[in-house]
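1. Fold the stuff below for me.
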Amino acid sequence: MFLRVVKSKSSSGKIHQAVQLVESYRNEEGKPRTRILYHFGPLDKFLETDADKFVDSIMKLKGEVFYESIKEFGESKDFGDIFVVLSILKELKLFQELKKKQDKESKIQFDVVSHFKALLTNRISEPSSKLKLLSWLETVYIPGLKRKDISYENLLRTMDFLIKHKKEIENKLAKRVLTMFDLNLKMCFYDITSSYFETSSELDSSDIRRYGYSRDNRPDRVQVTIGVVMTEEGIPLCHYVFEGNRVDKTTLISVIEDIKLRFGELIEVSIVTDKGMISSSNLDKLIEGDQTFIIGEDKNKKISREILSEANLNQRNKEEEFIFEKELDYETSNGKLAKLRYVLSFNPETYRLNMKRYREKLSLFENKFQEINKKRISVTDKYHLLKSFLKSQGMSRWYKLSLSDGKIDVEPNMEVLNRLESGFGWFMVVSNLSKLDYSKEEIIESYKKLWRVEHGFRELKHSLEVRPMYHFSENRIRGHIFLCFLSMLVTSIMEKRLKDAGVDLSWEKALFELRKLKTVSYLTNSGIRGISLTRVTDRQKKIFKALGCPIPKLRHL
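-> Numbers count the residues shown, from 1 in each chain. Modelled structure (predicted):
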């Protein structure tokens, strides 16, 4: 099939040229022939009014744009990273879920899905305040979404809508993720962090913001406490927001009860968490509730010190990894008996690092002691300076200081120092999992996977910027954190897929590469307006494939 120009001569001798769409074929005798499929009319008229449209429509089918038909280019917008986020959310059927819930609420007069798309893509691609988000929308291309349709007030209402349906949304997403990756959820990993507020406003008795133990070294700021439950692959399943002064160990039992209600019909889940969650009361409740667990154990407890001493006696070489196990009978306050396994793991690299820091601190004190002794101040003042220094370095119990005959006596507390040295390179966990089901090595490996939760918290605080929080009402605080949690879910899916595909990129670096894929608006000579896509590179194609996303197809430049 091709275009053909035919010439004809009028009676006045003028030459006319016409354009025809012609097809080649063979007749019944097998001889080549042509036939006219369409007559475009005079060549000059075709070139003036129809040629650009005709060429443009063909290029559109091919996913390309004919350069010579372009009159001008418009603005360029980020698209590749946005496309991936939207693709994963679509795969999770989250838009469908939100639409279904909105349809049941006649009072909502705005598009929740569009506002949610704006909120989540912004949180992952360029975290900002809700006001700044409105400006950011002008720099990105979100299919079907127009900046004029998004308002600040409706962004806040969308957060209220999300938190209203939090548990339902989380549960459905968790089950979809487990299905997507064909995960057999044998263990849940639970940990807690905190996030503070830059505010000096007065708090009332019902405020969720409280002064408490700060993981950010900001005890001078009010905060909330955030708990997250993850799979062993590092994919978040659900989250909890507690008062800022909530003690870690007081959250454990309520979280486990909630997990059982949510996922109990799927599997029997073992809980893995760190030593901040353990207490005699929690241990009793876990055992009496037939809950299996792996929990970090404090090495300073009396029973821990005894087991640690035995482990050191059994260890032959400080240059090799070593795992030691001790099984003990345990009876709860209500008389229920259980076998507890205390499993200790020694890492020579950690041991060397601990010893290096320990010796540096000892040397630091010696130097400080000499420095203070040279000062022309009273012995009493020198004594208090030393005391203050030891306290600031967490070394108060390392030395015994006393004033005697006008001088300071310094004596190392060998009992404390020996106990400290004996724990270098070791960490300890306690578990009630059967030896038939889990070896001591498997217990240790399972516990080590808690690092994924800590990694998730770092992503939450730094990459997804859970703070600063610009909200003060409890509902908005919870809505903001839920939005960050959903962002963490999407990015953890990216991280897993990149790793499974052997692509050595973090989700942030992958999105940075995809952000180079942009849309460009244009106007053709014939007045047609459209949007094209810059060419997809081989590197971008590899990332799209790894993330399980199709390659976007607009009209390419």
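
2. Got the domain ranges for this protein?
-> Under the assignment automatic domain parsing, the domains of the chain span 2-62, 74-78+518-556, 80-164, 166-300+437-484, 350-422.

3. what is the mean pLDDT for the third one?
-> Right, the one you point to is domain 80-164. Across domain 80-164, pLDDT averages out at 93.

4. out of the domains of the chain, which comes closest to Glu320?
-> domain 350-422 (10.4 Å; CB to CB). No exception for glycine: its C-beta is placed from N, CA and C like everyone else's.

5. okay, the domains of the chain in a markdown table with distance to Glu310 next?
-> Shown next, in a markdown table, are these (distance: least, CB to CB, whole Å):
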| stretch | distance to Glu310 |
| --- | --- |
| domain 2-62 | 74 |
| domain 74-78+518-556 | 48 |
| domain 80-164 | 49 |
| domain 166-300+437-484 | 13 |
| domain 350-422 | 11 |
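
6. Leu337 is nearest to which of the ones you listed?
-> That would be domain 166-300+437-484 among the domains of the chain, by CB to CB, at 8.8 Å.

7. and that closest one, how far apart are its ends?
-> 13 Å (CA to CA, to the nearest Å).

8. From the chain's centroid, how far away is that domain?
-> Relative to the centre of its chain, domain 166-300+437-484 is centred 14 Å away, using CA atoms, centre = their mean, to the nearest Å.

9. about what we covered before: can you tell me which of the domains of the chain comes nearest to Met494?
-> Nearest to Met494 among the domains of the chain is domain 74-78+518-556 (5.8 Å), distances taken as CB to CB.

10. So which of the domains of the chain is nearest Ser431?
-> When these are compared by CB to CB, domain 166-300+437-484 sits nearest Ser431, at 4.5 Å.

11. Can you give the contact residues for stretch 227-235?
-> 177-178, 181, 183, 185-193, 236-242, 251, 255, 259, 272, 446, 449, 452-453, 455-457, 460, 485, 488-489, 492-493, 495-496 (CB atoms under 8 Å, 6 or more residues apart in numbering).

12. any idea which helix or strand carries the residue nearest to the spatial centre of the chain?
-> For the chain, Met488 is the residue whose C-alpha lies nearest the centre (CA atoms, centre = their mean; 2.9 Å). Taking DSSP states H and E as the criterion, Met488 maps to helix 474-500.

13. any idea how far the very next helix or strand once past that helix is from the chain center?
-> Where DSSP H and E defines the elements, the next helix or strand beyond helix 474-500 is helix 507-514. Centroid displacement of helix 507-514 relative to its chain, using CA atoms, centre = their mean, is 14 Å.

14. And for stretch 347-354?
-> Going by CA atoms, centre = their mean, the spacing between the C-alpha centre of stretch 347-354 and its chain's C-alpha centre is 30 Å.

15. send the alpha carbons of it over as CSV?
-> Output of stretch 347-354 as CSV, limited to C-alpha atoms (Å, rounded to 0.1, in the frame of the first residue of the first chain):
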residue,chain,number,x,y,z
ASN,A,347,30.5,-12.3,65.7
PRO,A,348,34.3,-11.7,65.7
GLU,A,349,34.0,-8.5,63.7
THR,A,350,31.6,-7.1,66.2
TYR,A,351,33.8,-8.2,69.0
ARG,A,352,36.8,-6.4,67.5
LEU,A,353,34.7,-3.2,67.0
ASN,A,354,33.4,-3.4,70.6
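
16. Helices along the stretch 151-300 of the chain, start to end?
-> 152-164, 166-180, 252-263, 280-288 (DSSP state H, counting those that start in this stretch).

17. Quickly note the distance from Glu308 to Met428.
-> Heads up, residue 308 is Leu, not Glu. From Leu308 across to Met428, the span is 7 Å (CB to CB, to the nearest Å).

18. Report the set of residues contacting both of those two.
-> Contact criterion CB under 8 Å, 6+ apart; residues shared by Leu308 and Met428: Lys299, Leu344.

19. circling back: need the helices of the stretch 151-300 of the chain in a markdown table (columns: distance to Leu390 and mean neighbour count).
-> Listed next are the helices of the stretch 151-300 of the chain as a markdown table, based on distance: least, CB to CB, whole Å; neighbours: other CB atoms under 10 Å:
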| stretch | distance to Leu390 | mean neighbour count |
| --- | --- | --- |
| helix 152-164 | 47 | 18 |
| helix 166-180 | 47 | 17 |
| helix 252-263 | 34 | 17 |
| helix 280-288 | 31 | 17 |
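
20. mean pLDDT for those: which is lowest?
-> Lowest mean pLDDT of those: helix 252-263, a mean of 88.

21. Packing partners of that one?
-> helix 166-180, strand 187-196, strand 223-230, strand 236-243, strand 270-273, helix 280-288 (3 or more CB pairs under 8 Å, 6 or more residues apart in numbering; DSSP states H and E).

22. what residues does that helix touch?
-> By CB under 8 Å, 6+ apart, helix 252-263 touches 167, 170-171, 174, 185, 188, 190, 227, 229, 237-238, 240, 269, 271, 273, 277, 282, 285-286, 289, 291.

23. circling back: could you dump the helices of the stretch 151-300 of the chain to JSON lines with distance to Asp504?
-> Below are the helices of the stretch 151-300 of the chain laid out as JSON lines (distance: least, CB to CB, whole Å):
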{"stretch": "helix 152-164", "distance to Asp504": "34"}
{"stretch": "helix 166-180", "distance to Asp504": "22"}
{"stretch": "helix 252-263", "distance to Asp504": "33"}
{"stretch": "helix 280-288", "distance to Asp504": "40"}
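
24. Can you tell me which of those helices is nearest to Leu523?
-> For Leu523, the closest of the helices of the stretch 151-300 of the chain is helix 152-164, at 31.8 Å, according to CB to CB.

25. Contacts made by that closest one with the rest, please.
-> Contacts for helix 152-164 (CB under 8 Å, 6+ apart): 98, 101-102, 105, 108, 110, 112, 115-116, 118-119, 130-131, 133-134, 169, 475-476, 478-480, 482-483.

26. Can you say which of those are buried?
-> Buried members of the contacts of helix 152-164, counted by 16 or more other CB atoms under 10 Å: 98, 101-102, 110, 112, 115-116, 118-119, 130, 133-134, 169, 476, 478-480, 482-483.
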